[in-house]
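Q: Here is a sequence together with a model predicted from it:
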Amino acid sequence: MTRFTDSQRNLDLGLTWHNSFAGLGDDFYTRLEPQPLPEPYWVGRNLSLARELNLNDSWWTSQELLEAVTGNRHLVGTQALASVYSGHQFGQWAGQLGDGRAILLGETSCGMELQLKGSGLTPYSRMGDGRAVLRSSIREFLCSEAMQGLGIPTSRALCVTGSDAPVRRETMETAAVVTRVAPSFIRFGHFEHFSYSDQRAQLKILADYVIDRFYPDCRVADKFEGNRYAALLVAVSERTAKMVAQWQAVGFCHGVMNTDNMSILGLTIDYGPFQFLDTYNPDHICNHSDTVGRYAFNKQPNIAYWNLFCLGQALLPLIEEQELAIAALESFKTVFPAVLEAKMRAKLGLLDSSGDTANDDRALIEVILKLLAKDHVDYTIFWRRLSHCSGAMNAAAVRDLFLDRPAIDAWLLRHAQRTAHLPHNLVTDLMLKTNPKFVLRNHLGEQAIQAAKLKDFSRVDTLLLLLESPFDEHPGFDEYAGFPPDWANDIEISCSS
Ligand code: AMP
Ligand code: MG
């Protein structure tokens, strides 16, 4: 298919675009326009994000915008490009990668970058076809907004468009394009790229760009001996620690934590074979391509640290002192457990500071996690039911989830005693705001995908609505908050997307 260059293809939305990444210079990217797809149609539109970006509601009914976000029109003011990065994949140095199927359009006036994923071949496509399939695009669209709704740092998704153009994966599927939104899509792998290829000047340009735009405090850091690059490593370690702690608390498995999928801003990015846990199994592997379980649920914190270590190594030519880099990484080890504990305490409704009860509180958390694993209890449903029955009232719905009734009774009693002196309504409030009713379970995504393949996009719309505010009750939609059906266990999600 031909690329467009002629002026008839230009579309002027009247937006002011900035292209600060494009300003970094030719070493960082290749300029190119997306490849068109025939007869696109809307699959999902995120109107609330569009409003945040000051995009006019009326555009969403226009054929022109549909064509533009599919890559069929050139948006006036954008400087489209694919960036180059490298990375460690499944623990091995993978060399040069890059945006193989994503094209950065530019940055809107509110400082958010728009990127089209699935928009055709780039110089970094390697063996790939530059495309994304409908199935994985719907999953990315919905999960980005599910994470946002849960308050977990993430790239966002503005819309998905589809086309009947065939795309070969294990079977023949059809093409789709997701418009992703984030302040930046820079990854650990961007730093690794310039470091491993001994391009120190470019590494410095990249680090200074990230510091100036996103981590200005690093410039004035008086700790770390005024070393702004060590300060950057501290800040990224902290953000990554917070993000992964939130994943663990909510039961989110990313699936492919390669260093090229790690955001320098500590955002959850590159949704592929992710999964929200159904039953609580700490060893759960959500990615069928991950045969050794490198990215199993309970390995995620260690892997995040491993990835930060790679980032530290990449920054070493700028930090210059190895000890300083190692000291900077220590922040992960303090922030991760502190944030995880705070999140788990909130899940339990423990409003007060731990103080004298710190050890007892930790035991309360440990015991329930062991019980959930032993009895294969549904993670999301357990916490939501517990939120509705704090104070040992109405505990039957929680007890019903367990086989070991004496054990859960003993635990519920301990929890009731621990929260007895706290204002009951505030405990319930905290728990209901921390333990979601709705998460994007695999089977829910799958049902929306199957309907979408038949051009029924109503389940995509419904899921978006529920997942945007997952702590609300949404009366009438309980079927989306129930146990997964038996067939959910047979859904195989791999790297194929
Ligand atoms: P992922 O595991 O999806 O994060 O992808 C790893 C690398 O492979 C990135 O550089 C992607 O851009 C690239 N890639 C994945 N799928 C394709 C595809 N269908 N066409 C071109 N490049 C791809
Ligand atoms: Mg990736």
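A: It's in. Ligands and ions are numbered 1, 2, ... in the order given.
Q: Next one: the residue of the stretch 201-350 of the chain at minimum distance from ligand 2 from Ser496, what distance?
A: Distances between the stretch 201-350 of the chain and ligand 2 by Cβ to the ion are smallest at Asp270, namely 3.9 Å. No exception for glycine: its C-beta is placed from N, CA and C like everyone else's. With the distance defined as Cβ to Cβ, to the nearest Å, Asp270 ends up 14 Å from Ser496.
Q: neighbour count winner among the two?
A: Asp270 (23 against 16; other Cβ atoms under 10 Å).
Q: So that one lies in a helix, does it not?
A: No. The assignment for Asp270, made by DSSP: H, G, I helix; E, B strand; the rest coil, is coil rather than a helix.
Q: And the pLDDT at it?
A: Note on Asp270: pLDDT of 98.
Q: Check the one 10 residues further on too.
A: Looking at Tyr280, its pLDDT reads 98.
Q: can you pull the contacts of the residue nearest to it when sequence neighbours are not counted?
A: In space, and not counting its chain neighbours, Tyr280 is closest to Leu372: 3.9 Å by Cβ to Cβ, 6 or more residues apart in numbering. Leu372 makes contacts with 280, 379, 382, as judged by Cβ atoms under 8 Å, 6 or more residues apart in numbering.
Q: And for whichever strand or helix holds Leu464, what's in contact with it?
A: For Leu464, the host element (DSSP states H and E) is helix 458-468. Outside helix 458-468, the residues within contact range by Cβ under 8 Å, 6+ apart are 43-44, 46, 48, 138, 141-142, 145-146, 148-149, 160, 438-440, 444-445, 447-448, 451-452, 474, 477, 480.
Q: Restricting to C-alpha, output it in CSV.
A: Written as CSV, here are the backbone C-alpha positions of helix 458-468 (Å, rounded to 0.1, in the frame of the first residue of the first chain):
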residue,chain,number,x,y,z
SER,A,458,-21.3,-2.5,22.3
ARG,A,459,-19.4,-4.6,24.8
VAL,A,460,-16.3,-2.5,24.2
ASP,A,461,-18.3,0.6,25.1
THR,A,462,-19.9,-1.0,28.1
LEU,A,463,-16.5,-2.2,29.5
LEU,A,464,-15.0,1.2,28.9
LEU,A,465,-17.8,2.7,30.9
LEU,A,466,-17.4,0.3,33.8
LEU,A,467,-13.6,0.2,33.9
GLU,A,468,-13.4,4.0,33.9
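Q: Pull out the buried positions in it.
A: 459-460, 463-468 (16 or more other Cβ atoms under 10 Å).
Q: Repeat that for stretch 43-58.
A: 43-46, 49-50, 53, 55.
Q: Which of these fall within helices?
A: 49-50 (DSSP state H).
Q: got CSV for the buried residues of stretch 43-58, with pLDDT too?
A: Formatted as CSV, the buried residues of stretch 43-58 follow (pLDDT from 0 to 100):
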residue, pLDDT
Val43, 98
Gly44, 98
Arg45, 98
Asn46, 97
Leu49, 97
Ala50, 96
Leu53, 93
Leu55, 91
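Q: Which members of the buried residues of stretch 43-58 are the farthest-apart pair?
A: Farthest-apart pair in those is Val43 and Leu53; separation 18.9 Å (Cβ to Cβ).
Q: quick revisit: please state the offset of the helix holding Leu464 from the chain centre?
A: 17 Å (Cα atoms, centre = their mean, to the nearest Å).
Q: Which positions in the protein make contact with ligand 2?
A: Applying Cβ under 5 Å from the ion, one finds that the chain approaches ligand 2 through 261, 270.
Q: Let's see that with 6 Å instead.
A: Proximity of the chain to ligand 2 (Cβ under 6 Å from the ion) is limited to residues 260-261, 270.
Q: contacts with ligand 1 among these, please.
A: 261, 270 (Cβ under 6 Å from any ligand atom).
Q: that older thread, ok, and the closest non-adjacent residue to the residue of the stretch 201-350 of the chain closest to ligand 2?
A: Nearest to Asp270 is Asn261, by Cβ to Cβ, 6+ apart, at 4.1 Å.
Q: got the contact list for the one you found?
A: Asn261 neighbours (Cβ under 8 Å, 6+ apart): 87, 187, 254, 269-270, 272.
Q: So it versus Glu52, what's the distance?
A: 25 Å.
Q: What ranges does this protein have for its strands?
A: 10-11, 29-31, 41-45, 74-75, 81-83, 86-89, 92-96, 102-107, 113-117, 132-133, 156-168, 172-182, 252-253, 275-276 (DSSP state E).
Q: Dump the ones you listed to JSON lines, plus distance to Ala241.
A: Formatted as JSON lines, the strands of the chain follow (distance: least, Cβ to Cβ, whole Å):
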{"stretch": "strand 10-11", "distance to Ala241": "42"}
{"stretch": "strand 29-31", "distance to Ala241": "30"}
{"stretch": "strand 41-45", "distance to Ala241": "32"}
{"stretch": "strand 74-75", "distance to Ala241": "37"}
{"stretch": "strand 81-83", "distance to Ala241": "26"}
{"stretch": "strand 86-89", "distance to Ala241": "19"}
{"stretch": "strand 92-96", "distance to Ala241": "24"}
{"stretch": "strand 102-107", "distance to Ala241": "26"}
{"stretch": "strand 113-117", "distance to Ala241": "24"}
{"stretch": "strand 132-133", "distance to Ala241": "30"}
{"stretch": "strand 156-168", "distance to Ala241": "22"}
{"stretch": "strand 172-182", "distance to Ala241": "19"}
{"stretch": "strand 252-253", "distance to Ala241": "15"}
{"stretch": "strand 275-276", "distance to Ala241": "21"}
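Q: could I get these as a markdown table with distance to ligand 1?
A: Shown next, in a markdown table, are the strands of the chain (distance: least, Cβ to the nearest ligand atom, whole Å):
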| stretch | distance to ligand 1 |
| --- | --- |
| strand 10-11 | 25 |
| strand 29-31 | 13 |
| strand 41-45 | 18 |
| strand 74-75 | 22 |
| strand 81-83 | 9 |
| strand 86-89 | 7 |
| strand 92-96 | 8 |
| strand 102-107 | 6 |
| strand 113-117 | 9 |
| strand 132-133 | 7 |
| strand 156-168 | 8 |
| strand 172-182 | 10 |
| strand 252-253 | 15 |
| strand 275-276 | 16 |
